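In: Got a predicted model here, sequence first, then my questions.
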Amino acid sequence: MVRASPTKQPHQPPCHSHLLPAVWSFGVVIWEMLTSDDPYSELDEQQAGQAIVRNQTLPLLENWPEQLRTLMTQCWDAVPDNRPSFHECLRRLHAISVTQNW
C-alpha cells in the first residue's frame with residue numbers, strides 16, 4: 001500500500017506547510033474509504049511513487065457526491081499551498097455528512 005505524497009515546495013510559508021503532504025494523504029484515505037481498495041494497486045511501489053510525483057491522481061467515480069470529489073481533488077492539488085487545511089477538510093466533511101444524511 002502506498003501512502004506517499006508529493007513533497008512541499010521550498011517557497012511555502014512555515015505556518016502549516018508541514019501538514020500539506022498529510023492533507024494530500026488525507027484525500028487518499030477518503031478515496032480508500034469510498035472504494036475499499038488500495039491506491040495505485042495496479043502499480044508496483046516504484047511505479048506508484050513515480051505516479052505520485054507526476055501528480056497522477058486516483059480515479060473519482062461519478063456516483064460519489066460532488067462535494068467529496070471536489071474535496072479530494074483539492075487535497076491532491078499539485079501546488080501544496082492550494083490544498084485545504086485540515087480544519088477546512090473537517091468543516092467540509094461535516095457539511096457533506098449533513099447534506100447526505102450520513
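Out: Nice, thanks for sending it over.

In: contacts and neighbour counts: CA atoms only from here.
Out: Will do.

In: Low-confidence stretches in this protein?
Out: The model of the chain has pLDDT under 70 over residues 1-18.

In: Do you have the helices of it handy? List them.
Out: Under the criterion DSSP state H, the chain contains helices at 20-35, 45-53, 66-75, 86-99.

In: ok, and the closest non-adjacent residue to the residue nearest the centre of the chain?
Out: Geometric centre of the chain, nearest residue: Gly27, 2.3 Å, by Cα atoms, centre = their mean. Counting by Cα to Cα, 6 or more residues apart in numbering, Met72 is the residue found nearest to Gly27 once chain neighbours are left out, at 4.7 Å.

In: neighbours of that neighbour, just the number please.
Out: 26 (other Cα atoms under 10 Å).

In: Including distance to Leu60, could the helices of the chain go into TSV?
Out: What follows is those, written out as TSV (distance: least, Cα to Cα, whole Å):
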stretch	distance to Leu60
helix 20-35	8
helix 45-53	16
helix 66-75	6
helix 86-99	17
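
In: Next one: Phe86 from Pro59, what distance?
Out: 22 Å (Cα to Cα, to the nearest Å).

In: Among the two, which residue is more densely surrounded?
Out: Phe86 (16 against 10).

In: so the more buried one touches Trp24, yeah?
Out: No - the pair Phe86 and Trp24 fails to qualify as a contact (Cα atoms under 8 Å) at a distance of 10.3 Å.

In: circling back: help me confirm that the residue nearest to Gly27 comes into contact with Ile30.
Out: Yes - if you go by Cα under 8 Å, Met72 and Ile30 touch, sitting 7.3 Å apart.

In: measure Ser97 to Gln47 for me?
Out: Taken as Cα to Cα, the span from Ser97 to Gln47 is 35 Å.

In: before we move on, back to that, next up, the contacts around the residue nearest to the centre of the chain.
Out: 71-73, 75-76 (Cα atoms under 8 Å, 6 or more residues apart in numbering).

In: Top of the residues you listed by number of neighbours, please.
Out: Trp76 (28 neighbours).

In: Excluding covalently adjacent residues, which one is nearest to it?
Out: Per Cα to Cα, 6+ apart, closest to Trp76 is Trp24, 5.1 Å.
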